[in-house]
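> attaching a predicted model along with its sequence, questions to come.
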Amino acid sequence: MSISDLSPPQGSAKSDPLQWISNDTFKVKDYLFQSSHFGAERKDAEAIGAFWIMKNPDLLALYYDWVVPLAPKKVVEVGVAGGGAAALLMEWFHPETLCLIDIEDHTTPNFKNYLKTESGKNIRCFLNVDQSNKTRLEQVIKSEFQDEKLDLVIDDASHLYEPSLATFETLFPKLKPNGLYIIEDWGWSHWQGDYWQGVDAPWRSLPGLSNLVFQCIMASASRPGWITKVVSTPAGTVGFRGPDEIPPQTPIEDYYFNRGKKFTPF
């Protein structure tokens, strides 16, 4: 599916609880969600009592293809924004525990009310945690899951390479075999337009998040027992956890071999 395709994703089939109402609005059970992909702003969603989410149809299709069959029970989402995506995860996948991590609290009153519902009681919020703080991440995961393995980790936080790498090195080893690690919006340094490619583009001097994707692909060749495969679309990348044990906090350079040549992020 093209990212500019206006048709709903495959996940809109009648057997799926996610039902599209219009190009930018869909419903899961009794909750409305409005995507920013077609220009809807947070105030537009709030005006109709919907959760506002920054997920386009391609990304929702990726979730439908890979996360729906997984039926994850223990989920960590890094990057919360207003909380709409967290409500979607709860209503779509019904995890037993959804642990939310963000450096700030931008959650909406609508989401705060959702936390009081029966489903919302399964959400744990840690909203003053920097994703690059490995020690704090370890503490959060230990407090919520003890030594149990995770089913799904979603990184939708800073989208910057170094903080995202810290999160990956901390959380990927904690996935169970066949668990999924999703990196959203990985391709920003390659998107078209002056906003991304111009001389004044934000983050121009910083390494792209695609570097982490490339390293995961190299790891799947070098250590398939750690990362069995990587599936990537313009909207998101999915890393599949292999069966072999990964020592905690293993540096990404130890995931792959490269003939003694150092990989330099760009």
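Yep, it's here. Numbering: from 1, shown residues only.

> what ranges does the stretch 101-250 of the chain have for its helices?
Ranges of helices in the stretch 101-250 of the chain, per DSSP state H, counting those that start in this stretch, are 109-114, 134-145, 161-171, 194-197, 210-222.

> closest one to Gly187 among these?
Counting by C-beta to C-beta, Gly187 lies closest to helix 210-222 out of the helices of the stretch 101-250 of the chain; the figure is 5.9 Å. In short, each C-beta sits where N, CA and C put it, glycine included.

> ok, residues contacting that closest one?
161, 164-165, 168, 183, 186-187, 189-190, 226-230, 232, 237, 239, 252, 255-258, 263, 265-266 (C-beta atoms under 8 Å, 6 or more residues apart in numbering).

> which among those count as buried?
161, 164-165, 168, 183, 186-187, 189, 226-228, 230, 232, 237, 239, 252, 255-256, 265 (16 or more other C-beta atoms under 10 Å).

> show me the shaky parts of the stretch 51-200 of the chain.
Applying pLDDT under 70 to the stretch 51-200 of the chain flags no residue at all.

> looks like Glu104 contacts Asp130 (just checking).
No: when contacts are counted by C-beta atoms under 8 Å, Glu104 is not listed as touching Asp130 (9.7 Å).

> gap between stretch 17-27 and the chain center?
Here the centre of mass of C-alpha atoms in stretch 17-27, compared against the chain's by C-alpha atoms, centre = their mean, to the nearest Å, lies 20 Å away.

> Glu104 and Asp130: which has the busier surroundings?
Asp130 (17 against 11; other C-beta atoms under 10 Å).

> nearest residue to the more buried one in space, please, no chain neighbours.
Ile103 (5.0 Å; C-beta to C-beta, 6 or more residues apart in numbering).

> what's the burial count for the one you found?
18.

> same question for Lys121.
Lys121, neighbours per other C-beta under 10 Å, totals 10.
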